[in-house]
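[1] coords please:
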Amino acid sequence: MTSTKPPIDRCRLIAFDLDGTLIDSLPEIAAGVNAVRTRHGLPELSQSAVRAAIGSGAHALIERTMTDVVTADRTLEQLYDQFMAEYRVRCVHPTLYPGAAKFLAYCAPRHTLAILTNKALEITHRTIDALALSTPFAAIVSPENARAAKPDPAGLLGLLEDLDVTPDEAIMIGDSENDFGAGIDAGVFTIGMRDGYYHGGQPEPDLWVDGFAALLDCWKN
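    As a prediction, this is how the structure comes out:
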């Protein structure tokens, strides 16, 4: 963790990414991708290969993992629909990262909490419902109700407007360049979770942390 201090004292809103930030969804996503690939007689991809394709939403995931599956009679949109059918069943078994529930519980009385994800809205709701968290989220924003996917800042700016929060009163916590780009363009302090799906690109966050235990220490100290 670097020495950069997030604006905790004036923070009114924390916006969380979902995949790679609050939950480790890689096993379920990879299983959904590979179920489609094997259906069409193609070899499975490794989890590391699928991991490299995560971060820009399911359409981008399919474009990056199914190019060798596409034929004249098998479009990317059809493969997307097949993947969503597979993943819709699997997404109800999410795994929270260690310490995430404790951090959410600590922050809930102190800040407004929201989800800002590139995951499809229906799948996001199914996933969050399956987590059965006692912590409420004031808003859940996906590309369908954000007007644009991250790194476009439209979803985050909409959250700020809807919740009457200024950029300097908000923090964006994520794991990818898309999260950091959206936060930076919205004028919001960004925190990156090192155990997520970061691809090594730009921009980087204002602060990197090594998991939720370190993040909670940052909040308390």
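[2] Compute the number of surrounding residues for residue 59.
    Each residue near residue 59 was counted by other C-beta atoms under 10 Å, and the total is 17. (C-beta placed from N, C-alpha, C; glycine too.)
[3] Go ahead and confirm it touches residue 83.
    No - with the criterion set as C-beta atoms under 8 Å, residue 59 and residue 83 do not qualify as a contacting pair; they are 9.7 Å apart.
[4] All the strands of this protein, residue numbers only.
    13-16, 112-116, 139-141, 170-174, 189-193, 207-209 (DSSP state E).
[5] Run through who's touching the last one.
    Right, strand 207-209. Judged by C-beta atoms under 8 Å, 6 or more residues apart in numbering, the contacts made with strand 207-209 from elsewhere in the structure are 1-2, 4, 6, 189-194, 215, 218.
[6] make it 7 Å
    Under the contact criterion C-beta atoms under 7 Å, 6 or more residues apart in numbering, strand 207-209 has outside partners 1-2, 4, 6, 191-194, 215, 218.
[7] go on, the second one?
    Contact with strand 112-116 is made by 12-18, 104, 107, 124, 128, 135, 137-141, 155-156, 159, 163, as judged by C-beta under 7 Å, 6+ apart.
[8] redo that, cut-off 8 Å
    Contacting residues not belonging to strand 112-116 are listed as 12-18, 22, 104, 107, 124, 128, 135-141, 146, 150, 155-156, 159, 163, 165, 172, 179, 182 [C-beta under 8 Å, 6+ apart].
[9] how far is that strand from where the chain is centred?
    Centroid displacement of strand 112-116 relative to its chain, using C-alpha atoms, centre = their mean, to the nearest Å, is 11 Å.
[10] by how many degrees do that strand and strand 170-174 diverge?
    Inter-element angle recorded for strand 112-116 and strand 170-174: 40 degrees (by axes from the mean of the first three to the mean of the last three C-alpha atoms, to 10 degrees).
[11] got it, and the fifth one?
    Here the directions of strand 189-193 and strand 170-174 differ by 20 degrees (the same axes, to 10 degrees).
[12] which parts of stretch 49-57 are buried?
    Taking 16 or more other C-beta atoms under 10 Å as the basis for neighbour counts, the residues of stretch 49-57 that come out buried are 50-51, 53-57.
[13] Good, we can wrap up now.
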